[in-house]
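Asker: Test case, fold it:
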Amino acid sequence: MMLEGMYDPITNQMIKAQNGSGNVYEGNVADKVTIEIRDSIFPII
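Answerer: All right, here's what the predicted structure looks like:
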């Protein structure tokens, strides 16, 4: 997965997420994404 805004087409790599202290994650991790898969059935009331 290539996140828009973090992908560098020149190097063909992801740019690491950074904050005021530097890189947010160590190693080769650019950023983290959490995906939740939920049931599409509406609850019965």
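Asker: how many neighbours does Gly5 have?
Answerer: Residues near Gly5, counting by other Cβ atoms under 10 Å, number 7. In this view, the C-beta of every residue, glycine as well, is placed from N, C-alpha and C.
Asker: typo on my end, it should be Leu3
Answerer: By other Cβ under 10 Å, neighbour count at Leu3 equals 12.
Asker: May I have the residues that are in contact with it?
Answerer: Applying Cβ atoms under 8 Å, 6 or more residues apart in numbering to Leu3 gives the contacts 14, 30-31, 33.
Asker: again, 7 Å this time
Answerer: For Leu3, the contacting residues are 14, 31, by Cβ atoms under 7 Å, 6 or more residues apart in numbering.
Asker: Check which helix or strand it maps to.
Answerer: If you go by DSSP states H and E, Leu3 is not part of any helix or strand.
Asker: pLDDT below threshold where in the chain?
Answerer: Filtered on pLDDT under 70, the chain yields the residue ranges 1.
Asker: Show me where it has its strands.
Answerer: Using DSSP state E, the strands assigned to the chain run over residues 7-8, 13-14, 18-19, 22-23.
Asker: any idea which of the ones you listed is most buried?
Answerer: strand 13-14 (a mean of 14; mean count of other Cβ atoms under 10 Å).
Asker: Listing partners with orientation, what would you give for that one?
Answerer: Using DSSP bridges, strand 13-14 pairs in its sheet with strand 7-8 (antiparallel).
Asker: Take the strands of the chain and lay them out in a markdown table including distance to Asp39.
Answerer: A markdown table is the format used below for these (distance: least, Cβ to Cβ, whole Å):
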| stretch | distance to Asp39 |
| --- | --- |
| strand 7-8 | 32 |
| strand 13-14 | 32 |
| strand 18-19 | 35 |
| strand 22-23 | 37 |
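Asker: Between these, which one is closest to Ile37.
Answerer: Closest to Ile37 of the strands of the chain is strand 13-14 (Cβ to Cβ; 23.7 Å).
Asker: Thanks again, I'm all set now.
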